[in-house]
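Student: What shape does this take:
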Amino acid sequence: MKAAFAVFALACGHAALAAVAPVSPAGGAVVKRITAEQRKIMALPAHGERIAALAADKKSPEAKQFYFRKHRRNRWRSSEPLTFVWTCGKDEHGPFKILLSTTSDFSGAAALYTLVGCAKDANGVREYRWTVPDYAANLELGRTYYWKVRAFAGKGSRHVWSPAASFATDPQPPRWIALEGRAENIRDLGGWRTADGRRVKQGMAFRGQGLNDNSATGGRKGRNRLYVEDIKYLTKTLGVKTDLDLRTAKETANMKESPLGSGVRFVRRSSASYHGIFKPNGKTVMAQNFREFCDEKNYPIYFHCIAGADRTGAMAYILNGVLGVDRHDLETDWEATFYPDLPGLRRDCANAKFGRCVRRLTEGISKYGAPDTPWSGKIELYLLDCGVTREEIEKFRSIMLEPETGAKERTGK
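Tutor: Predicted coordinates:
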């Protein structure tokens, strides 16, 4: 690794003479991607305990473990901020370019441009600090990243590069995906640990909100929620090939093309949520939707309803459940849509309905198999009851699960 960095520095010409240098994150430091509040609530073992902890905190202005203080932004559905810090000599200045890569040779690196202010210390060394916008920091979990920064030197156009630095992202899911537009509550289906110690692959399936608004009349499709850069990010960077829309024909005005463009395969099926997935039509549609995930040509897949909560949540629950993600993680992933106001904390009809429905989802699954059948086994029996074959389930697992050795290399465990 050191030899590779030395070769790289010589190739950069002026880099060896530069004072510009990474400060943080560096040295392989582990960077947290979800907030301490979310980690704390997700660690509680039972749904009832999480409800009780949030309710107690809401009533206690002094505690504020989960409800942020007034000066803090509510970041439940986004990643922790990622801040780069570097120093420059007196003759080095911006605008700066940061290269961020998953490889030490910076092949395929993303370029982040920044104009920032600086603070000068007593020795004449400037320290720069830049927090990456949420939509530019959708990093994978449990991954090593490399970065370096370019500065300009003197009054001319000569530029200098810093040495490279590295850091790792913490493997704790969920991996939140932020866009510039109005589509939110987006996260990677992957990153979760399964019962056999493997992890669900990242970058394969994404759950989230609708990419356009619901139709107001059923006759004209709703307004697009995406900026041009969001479309580029979803189709080019994430590589989305299939848009699986779980909404009704009326909600979508029977649209025939994805908001991501004609290059993305668009599939719309009116789908059920919670207890509805156990009804005859719900099971038929579940089998049809599940088969979209059994064909490698369809990946990466973005699946959604309008809010990314109920129909999407039920689909995500089944998908990760049959992969072997345990019940606690399935529940906390579903809850992540609603934190910190989990259904049951509020008394309005909508949230009361949500609470009843998610119980019906788990009650429906619990009827499959024997009392001691693993939760993933019950979900597999449910899918078989829907008409899905064992071969299709195994195909899905082969696509979506990291090999055991790959999972260990990724997370360092």
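
Student: Would you mind measuring from the closest residue in space to Arg182 that isn't next to it in sequence to Asn212?
Tutor: Leaving aside its sequence neighbours, Arg182 sits nearest to Arg225 (C-beta to C-beta, 6 or more residues apart in numbering; 4.0 Å). For glycine as for every other residue, the C-beta is placed from the backbone atoms N, C-alpha and C. Here Arg225 is placed at a distance of 6 Å from Asn212 (C-beta to C-beta, to the nearest Å).

Student: Overlap of the contact sets of those two?
Tutor: Pro259 (C-beta atoms under 8 Å, 6 or more residues apart in numbering).

Student: Now tell me what touches stretch 229-237 from outside.
Tutor: Against stretch 229-237 from outside (C-beta under 8 Å, 6+ apart): 135, 179-181, 183, 226, 240, 259-261, 263-264, 302.

Student: Also stretch 392-399?
Tutor: 201, 204, 290-291, 293-294, 296, 299, 319, 322-323, 380, 383-384.

Student: buried residues in that stretch?
Tutor: The neighbour-count check on stretch 392-399 (16 or more other C-beta atoms under 10 Å) flags Glu392, Ile393, Lys395, Phe396, Arg397, Ile399 as buried.

Student: before we move on, what about stretch 173-188?
Tutor: In stretch 173-188, counting by 16+ other C-beta under 10 Å, buried: 173-179, 181-188.

Student: which one of those sits closest to Lys64?
Tutor: Taking C-beta to C-beta as the measure, Lys64 sits nearest to Trp176 out of the buried residues of stretch 173-188, at 22.2 Å.

Student: you'd agree that closest one is up against Arg75?
Tutor: No: contact criterion C-beta atoms under 8 Å: Trp176 and Arg75 do not qualify, at 9.2 Å.

Student: Would you confirm that Gly369 contacts Lys378?
Tutor: Yes: Gly369 is within contact range of Lys378, at 4.8 Å (criterion: C-beta under 8 Å).

Student: So these two - more neighbours on which side?
Tutor: Ranked by neighbour count (other C-beta atoms under 10 Å), Gly369 and Lys378 place Lys378 first, with 20 against 16.

Student: And the more buried one, how close does it get to Gln209?
Tutor: 29 Å.

Student: Over to Gly387?
Tutor: Distance from Gly387 to Gln209, by C-beta to C-beta: 29 Å.

Student: more crowded one of those two?
Tutor: Between Gly387 and Gln209, counting by other C-beta under 10 Å, Gln209 is the more crowded of the two (21 against 14).

Student: For the closest residue in space to the more buried one that isn't next to it in sequence, give me its contacts.
Tutor: Distances taken as C-beta to C-beta, 6+ apart place Gly308 nearest to Gln209, at 4.3 Å, with adjacent residues excluded. Listed by C-beta under 8 Å, 6+ apart, the contact partners of Gly308 are Glu184, Asn185, Ile186, Arg207, Gly208, Gln209, Gly210, Thr337.

Student: Repeat that for Trp76.
Tutor: Neighbours of Trp76 in contact, by C-beta under 8 Å, 6+ apart: Thr35, Glu37, Gln38, Ala336, Tyr339, Pro340.
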